[in-house]
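Novice: I would like to see how this sequence folds:
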Amino acid sequence: MFAIVALCCILLSSATPCNGQTTPNCLPSSSPLCDELTGRTINSTTTKVIVLIHGWNDGDYPNAYSGGAWASLVDALKTKLAGSDWSLVPYHWERGPLGASTGGVMQSLTDVTGYGHATTAAVRANNAQGPTLATLLNNQAPELKQVHFIAHSAGSWAARDAMSRLLNANANVICQMTLLDPFIPDAANLVGTPTGLSYATMNATATLATNSRIQQLENYCADDARVGPNCPDSFLGFGTLSTPGNDSAPCAPFAWRSDDENLRVDWGQTYTAYYLPIPGANEYYDCHRGPIQFYADTIKSSDGNSSSLGLGNFNIAAVGFNLADVGWKRSLFYKEQQLRATITGVSPPALPASSSPQLVTINGANFKLPGDPNASSLIFYDTANNPYPRTAINVTATSMQYYLTVGGSTGVWKVSVENGEVESCGLSHFFRIESLSALGELQL
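Specialist: Model (predicted):
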């Protein structure tokens, strides 16, 4: 008896918070990195991960991801990643001697705006948290293939440093870095002593020696002009005027590669707070955490549906950018899902043992034709799970064929389709019965 089954995706357990707790439970100083989807630590079987990195903890919160825009982003990611082979790791550096809790706004007469405290957090992110995060990722998950860093404000420097170190340590990993209103201490000239965390330093990310494995660099920012109950981090309009650029040119683009992204996301009519219009303040996403909510909304709207105010009322003429090519739709995860082929059936449903080639047809969807950069290829697996990569013939978007020689190898075989390096999903099978006596041994 001989059978071939289509290789299918492995489903993860349902999405639950790590240990069901609302406080950080995977602190880098005491615990390994934890997958928010499963509640388990990432390990040598982890190959794909999204890492979230919060910024300055001006309110001394025990869990930066538990409320507001961050909670919205975490929930959106958990929904999208559920059932996939990706992990979600919120990186906790809220407190501790090298943490992000460095003091807040209006806590010092010499630092009313909090820029000094925020700068201290950024320096700690770059000098301590980035190296720590890179070490944890590389030690816990040495087989990583894809890592997407999503960082806010001062946390951007931890993302940059960790990505650079991980690319050097792991020659097989591809990275993406998405910055949400990144804080650039040296851009505002409000602290005095330069830190080296400058516009030029962030620019240089695009010219790292390992930049061929940086799939995408993104900067989504706002001018942080809004004040009021929905923007508690923009007290009196101070926000973070240097995110990035400077006070006279907020949200100035980084000098990255032509296919990277710099986008100012605040838009809409003039915002009104307490019945008074705020000059220069836009209705949507125009505060320091606005880009976090923007990115969360792009995830929620990626299936064509959005109830969020910022994107639900989206007006491309007013905004000047196209939702089809920003935010989540530029992510490694989204592009992988769009690239993945699906197997729906294999024909014929039975093959006899034979030393002669026999024509097999694989039916499905999203097959890529020869000449495409991600042209589809076939991989057959014998009963011992040995792979046999093969080049298909007669490829269309919905079918492909191959003359397969099975010899006398009986049992369950598998077949998958790869578009680029993305393997197919599907549930189908075909089998061969050598004789009527083998019917009782049939395995599917």
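Novice: show me the strands in the stretch 51-200 of the chain, by range?
Specialist: With DSSP state E, counting those that start in this stretch, the ranges of strands along the stretch 51-200 of the chain come out as 87-91, 146-152, 174-180.
Novice: with mean pLDDT added, can I get those strands in TSV?
Specialist: Listed next are these as TSV, based on pLDDT from 0 to 100:
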stretch	mean pLDDT
strand 87-91	97
strand 146-152	97
strand 174-180	97
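Novice: which one of these lies nearest to residue 217?
Specialist: Distance to residue 217, taken as Cβ to Cβ, is lowest for strand 174-180 among these, at 5.5 Å. Every C-beta, even on glycine, is put in place using the N, C-alpha and C of the backbone.
Novice: run a quick neighbour tally on residue 76.
Specialist: By other Cβ atoms under 10 Å, the residues close to residue 76 number 20.
Novice: repeat for residue 194
Specialist: Around residue 194 there are 10 residues (other Cβ under 10 Å).
Novice: could you check how far it is from residue 131?
Specialist: 21 Å (Cβ to Cβ, to the nearest Å).
Novice: quick one: residue 34 and residue 42 touch, right?
Specialist: Yes: between residue 34 and residue 42 there is a contact under Cβ atoms under 8 Å: 7.4 Å.
Novice: now for the two: what residues contact both?
Specialist: Common contacts of residue 34 and residue 42 (Cβ atoms under 8 Å, 6 or more residues apart in numbering): residue 89.
Novice: JSON lines for the strands of the stretch 51-200 of the chain, including mean neighbour count?
Specialist: Formatted as JSON lines, the strands of the stretch 51-200 of the chain follow (neighbours: other Cβ atoms under 10 Å):
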{"stretch": "strand 87-91", "mean neighbour count": "27"}
{"stretch": "strand 146-152", "mean neighbour count": "25"}
{"stretch": "strand 174-180", "mean neighbour count": "25"}
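Novice: residue 98 is nearest to which of those strands?
Specialist: Evaluated over these, closeness to residue 98 peaks at strand 87-91, with 13.1 Å, by Cβ to Cβ.
Novice: residue contacts, the nearest residue to residue 293 once chain neighbours are set aside?
Specialist: Among residues not flanking residue 293 along the chain, residue 69 sits closest, at 4.2 Å (Cβ to Cβ, 6 or more residues apart in numbering). Contact analysis of residue 69 by Cβ under 8 Å, 6+ apart lists 289, 290, 292, 293, 296.
Novice: how many neighbours does the fourth one have?
Specialist: What it means is residue 293. Using other Cβ under 10 Å, residue 293 is surrounded by 25 other residues.
Novice: which ones are touching it?
Specialist: Residues near residue 293 by Cβ under 8 Å, 6+ apart: 69, 72, 73, 285, 308, 310.
Novice: which residue in the residues you listed has the weakest pLDDT?
Specialist: For these, the weakest pLDDT value sits at residue 308, with 63.
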